[in-house]
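>>> Below: sequence and its predicted model.
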Amino acid sequence: MDEPGRWVFNRLAIDYRERPGYPPSLVDRLAALAGATGRVVDLGAGTGLLALPLAARGLTVAAVEPAEAMLELLRQQAGRRAVECVHAAAEQTGLPGGEASLAILADALQWVEPGSAGREAARLLSAGGAVAVVEPRLCGSPFADGMADLLAAANPRARPRPAGRTAQFLDAAGARGRAVETFLHEETLDPPRLAAVLRSLSLVGPALGPGRLALLLADAQALADHLGDAVWTREIRLTWGRRP
């Protein structure tokens, strides 16, 4: 935590804020899980793609993020919203226990140790509190499907990760009565934003090197030109349960 140069997302923060957000239907569902006056802990909050819209719905949100540059962008956007910015890791937040009605891990499962992060979520939640994992997957439109193929070709590690980490996290969090819900979201990205979103991906921007990155960006724009638009379409899976 005290070596910011080692956190890749400190280097990706400016581009990361260009990423598409989450659909209002998902935000509404999470707000319902938290309850009208609930307190939410967003583990791995990034630049606030979920923390800010949840706070806009009247919830109190603790946004936990280990990359200080990401957290600073979140602070700048939060304004008067009830968002507490916490510079910490998901596995050890330093927040008081037993106060949260909802703990979220969104698009960050690959960056945490699921058992430790799940136990921390369990500690943070009040009795009956909900714990949720949000997992987006690029698919569902010709551009998204073609882009997924380009990413996998550019970096084999961009292929789907082994299953099991969601269950490990929820098991450690003590989640019961689990449910899975699916949401769809799409946005059309103009060329500068498409390039920024691609650079923000950890398996692209910091992983490919300048030459391979330039080729991928050119291929992505060529695909968008061929199809008419860069329609960034995602299937977003929400898996949640409650503590006893």
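Perfect, I can see it now.

>>> Tell me which residue is most central in this protein.
In the chain, the centroid-proximal residue (C-alpha atoms, centre = their mean) is D107; its distance is 3.1 Å.

>>> tally of neighbours for the closest residue to that residue other than its chain neighbours?
Excluding the flanking residues, the one nearest D107 by C-beta to C-beta, 6 or more residues apart in numbering is P136, at 5.6 Å. In short, each C-beta sits where N, CA and C put it, glycine included. When neighbours are defined as other C-beta atoms under 10 Å, P136 has 17 of them.

>>> Next, count neighbours for R11.
Neighbour tally, R11, other C-beta under 10 Å: 17.

>>> I'd assumed it was in a helix, is it?
Yes. With DSSP: H, G, I helix; E, B strand; the rest coil as the criterion, R11 is part of a helix.

>>> how close does it get to A173?
Distance from R11 to A173, counting by C-beta to C-beta, to the nearest Å: 30 Å.

>>> Same question for G129.
Using C-beta to C-beta, G129 is found at 9 Å from A173.

>>> try D225
Distance of D225 to A173, computed by C-beta to C-beta: 45 Å.

>>> Which of these two has more residues huddled nearby?
Set side by side, D225 and A173 show more neighbours around A173, with 29 against 11, by other C-beta under 10 Å.

>>> The more buried one: what's it in contact with?
Contact analysis of A173 by C-beta atoms under 8 Å, 6 or more residues apart in numbering lists A103, G118, R119, A121, A122, L125, V131, G241, R243.

>>> Over to E84?
Contacts of E84 (C-beta under 8 Å, 6+ apart): T60, V61, A62, A63.

>>> name the element the third one belongs to?
Counting by DSSP states H and E, the element that carries A62 is strand 60-65.

>>> pLDDT averaged over that strand, what's the number?
Average pLDDT, strand 60-65: 96.

>>> Tabulate the CA atom coordinates of the helix or strand following it in PDB.
Beyond strand 60-65 in the direction of the C-terminus, DSSP H and E gives the next helix or strand as helix 68-78. Only the C-alpha atoms of helix 68-78 are listed here, as PDB (Å, rounded to 0.1, in the frame of the first residue of the first chain):
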ATOM      1  CA  GLU A  68      -4.500   6.000  -4.800                       C
ATOM      2  CA  ALA A  69      -4.700   7.600  -8.300                       C
ATOM      3  CA  MET A  70      -8.000   5.800  -8.900                       C
ATOM      4  CA  LEU A  71      -9.200   6.900  -5.500                       C
ATOM      5  CA  GLU A  72      -8.300  10.600  -6.200                       C
ATOM      6  CA  LEU A  73     -10.400  10.600  -9.400                       C
ATOM      7  CA  LEU A  74     -13.300   9.200  -7.300                       C
ATOM      8  CA  ARG A  75     -12.900  11.900  -4.700                       C
ATOM      9  CA  GLN A  76     -13.000  14.600  -7.400                       C
ATOM     10  CA  GLN A  77     -16.200  13.200  -8.800                       C
ATOM     11  CA  ALA A  78     -18.000  12.500  -5.500                       C
END
